[in-house]
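Enquirer: Sequence isn't available, so here's the structure alone:
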């Protein structure tokens, strides 16, 4: 132990490093047995794929569709190298988008938001044209939607 508080002597570990090792000890135990590791990989693959596909289904809906897709890919990336590369690529594209939009004026950001809203509304309109208006809407909302042309 070092004489000064907050200092770590060479070769010693910090409390945070010990805690980090404890957090991943369960994973090392799983990987030490080929049979449990194979089962764990399958479970991660199935759960990650389900979350990713669920997120992709929700992308056109208002809400966190892309966030759910990224969560699903992050789950897959915990065990699969290709998913890790895809996650890294996706983060880089998101960062590129944010860097491109950040210096733009507020009116431009608002326009991007309006175009996104128009796209989402068009997708829902098409969905309602194909399948009808769902019955879970309150009657007032359902009546207003049914008043739209073609519905």
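Expert: Cool, the structure landed. Keep in mind it's a predicted model, so treat the numbers as computed, not measured.
Enquirer: elements contacting the helix or strand hosting residue 90?
Expert: Using DSSP states H and E, residue 90 sits in helix 81-101. Packing partners of helix 81-101 (3 or more CB pairs under 8 Å, 6 or more residues apart in numbering; DSSP states H and E): helix 65-77, helix 106-131. (Each C-beta comes from the backbone N, C-alpha and C, glycine too.)
Enquirer: Please work out which of those is packed deepest.
Expert: helix 65-77 (a mean of 18; mean count of other CB atoms under 10 Å).
Enquirer: picking that back up, buried stuff in the helix holding residue 90?
Expert: For helix 81-101, the neighbour count (16 or more other CB atoms under 10 Å) marks 83, 87, 90 as buried.
Enquirer: from the residues you listed, which is closest to residue 56?
Expert: Nearest to residue 56 among these, counting by CB to CB, is residue 90 at 12.8 Å.
Enquirer: follow-up on the earlier one: quick check: angle from the helix holding residue 90 to helix 65-77?
Expert: Angular relation of helix 81-101 and helix 65-77 on a 0 to 180 degree scale: 150 degrees, by axes from the mean of the first three to the mean of the last three CA atoms, to 10 degrees.
Enquirer: residues in contact with helix 81-101?
Expert: Contact with helix 81-101 is made by 48, 70, 73, 74, 76, 77, 108, 109, 112, as judged by CB atoms under 8 Å, 6 or more residues apart in numbering.
Enquirer: wait, which of those residues is closest to residue 55?
Expert: The nearest member of the contacts of helix 81-101 to residue 55, counting by CB to CB, is residue 70 at 7.6 Å.
Enquirer: Quickly list the domain ranges of the chain.
Expert: 1-84, 104-151 (automatic domain parsing).
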